[in-house]
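Q: 3D model of this:
(4 chains)
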There are 2 protein chains.
Amino acid sequence: MELRHPRYFIAVVEAKGVREASRRLHVAQPAISQTLANLEDEISVALFSRTGRSLKLTAEGELFYTEARRTIAQSEFAVESVQRASRGELGKLSLGFCGAATYAFMPEVVRRYKAKFPGVKIDLRELTPVQQEAKFAAGTIDAGFTRATSAKVDASLDARLTSR
Amino acid sequence: MELRHPRYFIAVVEAKGVREASRRLHVAQPAISQTLANLEDEISVALFSRTGRSLKLTAEGELFYTEARRTIAQSEFAVESVQRASRGELGKLSLGFCGAATYAFMPEVVRRYKAKFPGVKIDLRELTPVQQEAKFAAGTIDAGFTRATSAKVDASLDARLTSR
DNA sequence: TAAAAATACTCCATAGGTATTTTAT
DNA sequence: ATAAAATACCTATGGAGTATTTTTA
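A: Residues are numbered from 1 along each chain as shown, chains lettered A, B, ... in the order given. Below is the predicted model of the structure:
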């Protein structure tokens, strides 16, 4: 079975017929009849009781309809979630910060970020400037807020200086 | 996307390489490389970081792996469940029975049936012989245990007479 | 240099199209 | 008579094969 099979099947059920499904899918009617026949043949179960011109779901067809929808939904979820992840809308963000110096703006920054990327789990770690450098180098934190005075500006770091 | 894409992807991840996946799937190596490339192209996400000869999953690839497995699992579940249903191993069985006369053997019959078809939900209804005929005709019950004396043996019924 | 993946190409299986027949309103 | 599904047949896209090149361990 390929996703084409449940896709067409679902369309036929929801369109209440092959013809209308054909219009909605922009696929010729015989191609859909064919795909349904292939599907039923492959799983060896009659999904429709075909009395000539009318299509009616069998009990097995009803069951397959719900499971087919779950299958398609899951396949779409798989793709969408990696796409969200790749856009940085999903995942984990570990941030280092050094206490007192950053309390002034961290809450606001974090709140705004969470509002924009609700799928990202934020992991905040209070670390000394020295610890931040080590954790960053090790990949434990993705970014850090530290004090300008402490960090000898390393060329390997993308650092930005913000005056208060 | 078709199921072929996650299938091959999963095989490559689990075989830790295209070559070995090719052997396991009995599909030529370039066909698999091609399918992976098509998949990554279609979803516009790099699933592997390919430094020449080695394949390594990206963070997105890791995520897609779990979701792809769920997709395949769900697709297989969809097929298997309708197949079980069509073999009568899954579904509902509504039985009518008339009290006193059937208490002697019903518990044993039902228990044995449940052991054999654990996926079938049994719905027992205590009904008079006359009610059973009506409910059976209406399709509310699938079968009934009644008294021989009461049922004028209708040709439309598949009745069996059991002496105690 | 030996392996593994990518690339180039070729082929054919089959998804999908057109035309037609069947069948039930 | 009409509309919908099935059937027959044809076409062409693309999935998969063979051969080869590239690449790095």
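Q: list the buried residues of whichever strand or helix holds residue A:132.
A: Assigned by DSSP states H and E, residue A:132 belongs to helix A:129-138. For helix A:129-138, the neighbour count (16 or more other Cβ atoms under 10 Å in any protein chain shown) marks A:129, A:131-133, A:135-136 as buried. Quick note: C-beta positions are derived from backbone N, CA and C, even for glycine.
Q: helices or strands up against it?
A: strand A:91-97, strand A:143-145 (3 or more Cβ pairs under 8 Å, 6 or more residues apart in numbering or on different chains; DSSP states H and E).
Q: out of those strands, which comes closest to residue B:91?
A: Set against residue B:91 and scored by Cβ to Cβ, the helices and strands packed on helix A:129-138 come closest in strand A:91-97, at 42.2 Å.
Q: list the contacts of the closest one.
A: Applying Cβ atoms under 8 Å, 6 or more residues apart in numbering or on different chains, the external contacts of strand A:91-97 come out as A:85, A:106, A:110, A:113, A:119-127, A:131-132, A:135-136, A:140-146, B:59.
Q: residues of that strand that come out buried?
A: In strand A:91-97, counting by 16+ other Cβ under 10 Å, buried: A:91, A:93-97.
Q: now flag whichever of those residues is closest to chain B.
A: Of all the buried residues of strand A:91-97, residue A:91 has the smallest distance to chain B: 6.9 Å, by Cβ to the nearest Cβ.
Q: can you name the residues bridging to that closest one?
A: Residue A:91 forms beta bridges with residue A:120, as assigned by DSSP bridges.
Q: span of stretch A:118-129 from start to end?
A: 28 Å (Cα to Cα, to the nearest Å).
Q: what's the longest helix in chain A?
A: Taking DSSP state H as the criterion, chain A has its longest helix at helix A:59-86.
Q: where's residue A:50, which helix or strand?
A: Using DSSP H and E, the element containing residue A:50 is strand A:48-51.
Q: so the next helix or strand after that strand, near chain B or not?
A: Downstream of strand A:48-51, the next assigned helix or strand under DSSP H and E is strand A:54-57. No. Strand A:54-57 lies out of reach of chain B by Cβ under 8 Å from any Cβ of the partner chain, never closer than 11.3 Å.
Q: for strand A:54-57, which strands pair with it and how are they oriented?
A: When DSSP bridges is applied, strand A:54-57 pairs with strand A:48-51 (antiparallel).
Q: what's in contact with the strand it pairs with?
A: Counting by Cβ under 8 Å, 6+ apart, A:36, A:40, A:55-58, A:61 sit against strand A:48-51.
Q: among those residues, which ones are buried?
A: Judged by 16+ other Cβ under 10 Å, buried ones among those: A:36, A:40, A:55, A:57-58, A:61.
Q: where does chain A have low pLDDT?
A: A:52, A:100-102, A:148-155, A:163-164 (pLDDT under 70).
Q: can you name the residues of it that neighbour DNA strand D?
A: A:17-20, A:29-30, A:33-34, A:36-37, A:48, A:50, A:53-55 (Cβ under 7 Å from any atom of the strand).
Q: for residue A:144, see how far away residue A:116 is.
A: 20 Å (Cβ to Cβ, to the nearest Å).
Q: more neighbours, these two?
A: More neighbours surround residue A:144 than the other of residue A:116 and residue A:144, with 22 against 9 (other Cβ atoms under 10 Å in any protein chain shown).
Q: so in terms of bridging, what pairs with that one?
A: residue A:96.
Q: returning to what we had before: kindly reformat the helices and strands packed on helix A:129-138 as a markdown table containing distance to residue B:9.
A: Formatted as a markdown table, these follow (distance: least, Cβ to Cβ, whole Å):
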| stretch | distance to residue B:9 |
| --- | --- |
| strand A:91-97 | 20 |
| strand A:143-145 | 31 |
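Q: now residue A:45, nearest residue through space, not along the chain?
A: residue B:86 (4.5 Å; Cβ to Cβ, 6 or more residues apart in numbering or on different chains).
Q: alright, that wraps it up for me.
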